[in-house]
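**Student:** My questions concern the predicted model and sequence given below.
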Amino acid sequence: MHNAIKRILDKRDKEALASQYDVAVCINSVEAARQGFEAVPIQGTAKQYAQDVLDILSELREEFYDSDGEYTSKGMIGDVYFDVSAYIETQIPDPFAHIDKKEVRKVLIQEMAELSNNLTAPVSVLVETSIKFEATGSSGAQYFLAVTFEATSMREFTMIGNIYENDEYGSSIMEEKLFLIDNEIDDEAQNENKIPIDDVIRRDPDKS
C-alpha cells in the first residue's frame, strides 16, 4: 500500500514539473502531500493505514495554502487525494457498499448537530461517557450511533460521532467530528464545572 501510494505521488511529481500553469505551486503542493503521506506511521491493517493517509490528505486539501496560487495548490492536493482514494477502493473492498453513504452522512451530521444543541453536562461526564442511540434515515433504514467527547480546553470540545449498521456496534460505517465551543459560560456554570454546549463552529473536512 505504501509503495503504491508513493508511485502515485511520483507520477504527480512528473505532471507538476510538466505543468504549463503555476509550475512552482504544483511542485510545492505535491511535496506538501508527500510530506503528509510520509509522516503517517505504517501500522495496523492496510485499511486503517489507507484511512490514515486519506485523513492527512483531506486535511491538507482544506488547510494547505500557497499565496502564489491558492486554487491551484488546493486543486493539486485534491487530485492526489482522489488518485489515492480511487486506488484504495480497487484494493480494499468496501464492506458497506450496499449502504447509501449520502443518507448515512446526512443522518450522522443531523443527529450530532441536534445533540450538540441540547447538551448541558459536567465536563467529567461529557469526556467519559459514550452516548448511544438509534436514528432512522429518509429511506426508513435504521442506524445506530455512538457519540463521545474529547475536551480540548475548559471551553472547547470535539464531539466524535460514529454510525453503525446494527446494535452490535462493530465496524463503523462512517465517523464525523464537530468542534464545539461555549461562548457564554456564566459564573455559576463555571463554578459547577458545567459546560452548556451551544455553538457548533465548524465540521471536520469531508472523508469521502
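**Tutor:** Structure's in. What do you need? Residues are numbered from 1 along each chain as shown.
**Student:** helix/strand/coil for the nearest residue to Ile8 once chain neighbours are set aside?
**Tutor:** In this structure, Ile8 finds its nearest non-sequential neighbour in Asp83, 4.9 Å apart by CB to CB, 6 or more residues apart in numbering. Every residue, glycine included, has its C-beta placed from N, CA and C. Here Asp83 is helix, with the state taken from DSSP: H, G, I helix; E, B strand; the rest coil.
**Student:** Which residues does Leu145 form beta bridges with?
**Tutor:** Beta-bridge pairing of Leu145 under DSSP bridges involves Phe133, Ile163.
**Student:** which residues touch it?
**Tutor:** By CB atoms under 8 Å, 6 or more residues apart in numbering, the residues touching Leu145 are Val107, Leu108, Glu111, Lys132, Phe133, Glu134, Ala135, Gly161, Asn162, Ile163, Tyr164.
**Student:** how close does it sit to Ala32?
**Tutor:** From Leu145 across to Ala32, the span is 34 Å (CB to CB, to the nearest Å).
**Student:** of the contacts of Leu145, buried ones?
**Tutor:** Val107, Leu108, Glu111, Gly161, Asn162, Ile163, Tyr164 (16 or more other CB atoms under 10 Å).
**Student:** correct me, but the fifth one touches Phe144?
**Tutor:** No: counting by CB atoms under 8 Å, Asn162 does not reach Phe144; the two are 9.2 Å apart.
**Student:** Stretch 167-176 - what's its average pLDDT?
**Tutor:** Averaging pLDDT along stretch 167-176 gives 91.
**Student:** Check stretch 14-34 too.
**Tutor:** 82.
**Student:** Quick check: which element contains Val40?
**Tutor:** Using DSSP states H and E, Val40 sits in no helix or strand.
**Student:** contacting residues for it?
**Tutor:** If you count contacts by CB under 8 Å, 6+ apart, then Val40 has Tyr49, Asp52, Val53, Ile56 around it.
**Student:** what are the ranges of the strands in this structure?
**Tutor:** All strands of the chain, identified by DSSP state E, fall at 119-122, 131-136, 142-151, 156-164, 174-181, 194-197, 200-203.
**Student:** Nearest to Ala16, out of these?
**Tutor:** strand 200-203 (30.1 Å; CB to CB).
**Student:** So Ala113 is in contact with Leu178, correct?
**Tutor:** Yes: counting by CB under 8 Å, Ala113 touches Leu178, with 7.0 Å between them.
**Student:** So these two - more neighbours on which side?
**Tutor:** Leu178 (22 against 16; other CB atoms under 10 Å).
**Student:** what's across from the more buried one in the sheet?
**Tutor:** On the basis of DSSP bridges, Leu178 is bridged to Met159, Arg203.
**Student:** what's the distance between it and Met112?
**Tutor:** Going from Leu178 to Met112 by CB to CB gives 5 Å.
**Student:** Give the intersection of the neighbour lists for these two.
**Tutor:** With CB under 8 Å, 6+ apart as the test, Leu178 and Met112 both reach Met159, Gly161.
**Student:** possible to save the strands of the chain as JSON lines with distance to Cys26?
**Tutor:** Formatted as JSON lines, these follow (distance: least, CB to CB, whole Å):
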{"stretch": "strand 119-122", "distance to Cys26": "45"}
{"stretch": "strand 131-136", "distance to Cys26": "43"}
{"stretch": "strand 142-151", "distance to Cys26": "36"}
{"stretch": "strand 156-164", "distance to Cys26": "33"}
{"stretch": "strand 174-181", "distance to Cys26": "30"}
{"stretch": "strand 194-197", "distance to Cys26": "42"}
{"stretch": "strand 200-203", "distance to Cys26": "28"}
